[in-house]
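# sequence and predicted model, in that order:
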Amino acid sequence: MRLEFEDFELEYHSLCGYDDVSVYDGSGSSSPLLQRSCGDSLPQPVVSTSNIMFVEFITDIETGYKGFKASYSFVDPPGVYVLPPD
C-alpha cells in the first residue's frame, strides 16, 4: 500500500510529543514503524511491504491545528515486480 499526505498541519514538537501521525508496516502499533510525523511539513509518501498498513493519530487536545488529509492506493511492495501476462 502507498499512503500519500495531501495536507498536513499538526502541533510541532522536536520529538512529536504532542500530536503525531504514525504509520506502521502491518496491522497495529507493534508492527515496524515506517514514519512518524508532526508539525506542518508535508510528510513523504509511505509504502508498506504488504497490503496492510496501520495509521495512528495521537493528540494531546491542548492546541487545535488543521489536521491532515491523506489518500491511499494499492501498489506492488518494494522489490516486487509483476510481469505482464504473455
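Arrived safely.

# which residues does residue 67 contact?
Residue 67 sits next to 7, 9, 10 when contact means CB atoms under 8 Å, 6 or more residues apart in numbering. In short, each C-beta sits where N, CA and C put it, glycine included.

# how about a cut-off of 7 Å?
Counting by CB atoms under 7 Å, 6 or more residues apart in numbering, residue 67 makes contact with residue 9.

# please name the bridge partners of it.
Beta bridges link residue 67 to residue 9, judged by DSSP bridges.

# quick check: it vs residue 26, distance?
Separation of residue 67 from residue 26 (CB to CB, to the nearest Å): 24 Å.

# centre of the chain to the lowest-mean-pLDDT helix or strand in the chain, how far?
In the chain, the helix or strand scored least confidently by mean pLDDT, DSSP states H and E is strand 46-47, which has a mean of 94. How far strand 46-47 lies from its chain's middle: 7 Å, per CA atoms, centre = their mean, to the nearest Å.
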